[in-house]
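>>> okay, predicted coordinates and the sequence, questions at the end:
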Amino acid sequence: MNRIKSYFTLVELLVVIGIIIILAGILLPVTQSALKKADNTKALSQIKALESAIVQYKNDMGYYPRTPDKDPDTSSNNYQTEYVDFIKDFQNYVGDDDKNKHNSRDTKYLDIQSNILGEFKDPWDNDFIVVLDNGDDVYDSEDEGYDGVIDKLYIEGVYDKNDDKVDDYYYSIIIFSLGADGKGGIGTSSSVGATEEKRLENNADNIYSFPNSYNKKDKKHTITK
């Protein structure tokens, strides 16, 4: 009995490969979009957790924790070092020097997955930007200077409902992630010499603690509250 052997012809093989390529082209953008959405959701969840930790810290201590320099894109400051110290305040960490003894209650305010002391990064491995009401280092029991307004601050790409650049933010706490591109920041130092269009582009994917709507055409976040 003769066996009939079946083989793919070259044309059939090319058709199958073509179908696979088409399906991959359809599914890849969907997968990338889902991953981006998941990262954005995680970043926002981290922001809310850090915001809650700051509020609890102030309720216990009577003052806000030390804050890092306001602009990590300025090469002359020590934002990364100060940010690590800032995060330590929520990890029931007490160091050997006075600088690190800012959690006298030995309370764990923030659940951090990393095993590295003082590390709390967004999904793209960047530090969060944190600005607090009265951003000076105030370590006493008085709330002097806390008025619920962060003034004289301009976050690139953020506008108010009148489409004007915002100078005064009526929040005590502002936290945001620089997004997947890791670019953006506060003021113009993050994009020295760049055009307004480029600065808006750098901040287009930022994720903020305050309610805002995003206009993809103009790459602007508008405060909705």
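Nice, I can see it.
>>> any stretches of the chain with poor pLDDT?
Flagging of the chain using pLDDT under 70 yields the residue ranges 1-7, 69-77, 92-101, 134-145, 187-194.
>>> measure the most centrally placed residue in it to D164 for me?
Closest residue to the average C-alpha location of the chain: S177 at 1.3 Å, with C-alpha atoms, centre = their mean. Between S177 and D164 the distance is 24 Å, computed by C-beta to C-beta, to the nearest Å. C-beta coordinates here come from the backbone N, C-alpha and C atoms, glycine included.
>>> list the contacts for the residue nearest to the centre of the chain?
Shown in contact with S177 (C-beta atoms under 8 Å, 6 or more residues apart in numbering): A43, Q46, I47, D122, P123, W124, N126, F128, I129, N206, I207.
>>> what are the phi and psi values for it?
Dihedral angles phi and psi of S177 (degrees, to the nearest 10) take the values phi -100, psi 150.
>>> got it, and I174?
The phi/psi pair for I174 (degrees, to the nearest 10) reads phi -130, psi 130.
>>> for it, grab the count of nearby residues.
Neighbours of I174 under the rule other C-beta atoms under 10 Å: 23.
>>> who are the packing partners of the longest helix seen in the chain?
Ranked by residue count and defined by DSSP state H, the top helix of the chain is helix 10-61. Judged by 3 or more C-beta pairs under 8 Å, 6 or more residues apart in numbering; DSSP states H and E, helix 10-61 is in contact with strand 129-132, strand 173-177, strand 207-208.
>>> including distance to F86, could those strands go into a markdown table?
Shown next, in a markdown table, are these (distance: least, C-beta to C-beta, whole Å):
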| stretch | distance to F86 |
| --- | --- |
| strand 129-132 | 7 |
| strand 173-177 | 11 |
| strand 207-208 | 18 |
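>>> quick check: which of these is nearest to N59?
Each of the helices and strands packed on helix 10-61 has some distance to N59 by C-beta to C-beta; the shortest is strand 173-177, at 12.8 Å.
>>> mind listing the strands that closest one pairs with, and their directions?
strand 129-132 (antiparallel), strand 207-208 (antiparallel) (DSSP bridges).
>>> what's the following helix or strand after it?
Next along the chain after strand 173-177, taking DSSP states H and E as the criterion, comes helix 196-203.
>>> residues of stretch 106-122 that come out buried?
Applying a neighbour-count criterion of 16 or more other C-beta atoms under 10 Å, one finds T107, Y109, L110, I112, G118, E119, F120, K121, D122 buried in stretch 106-122.
>>> distance-wise, check F210 relative to Y63.
Per C-beta to C-beta, F210 is found 22 Å from Y63.
>>> the two: which has the busier surroundings?
Y63 (21 against 18).
>>> A helix includes that one, no?
No: counting by DSSP: H, G, I helix; E, B strand; the rest coil, Y63 falls outside a helix, being coil.
>>> now do the contacts for the nearest residue to T224 once chain neighbours are set aside.
Leaving out its chain neighbours, the residue that sits closest to T224 by C-beta to C-beta, 6 or more residues apart in numbering is P211, at 4.7 Å. Each residue near P211 by C-beta under 8 Å, 6+ apart is listed here: I223, T224, K225.
>>> hmm, 10 Å instead?
By C-beta atoms under 10 Å, 6 or more residues apart in numbering, the contact set of P211 is H221, T222, I223, T224, K225.
>>> burial of the second one, as a residue count?
Using other C-beta under 10 Å, T222 has 18 neighbouring residues.
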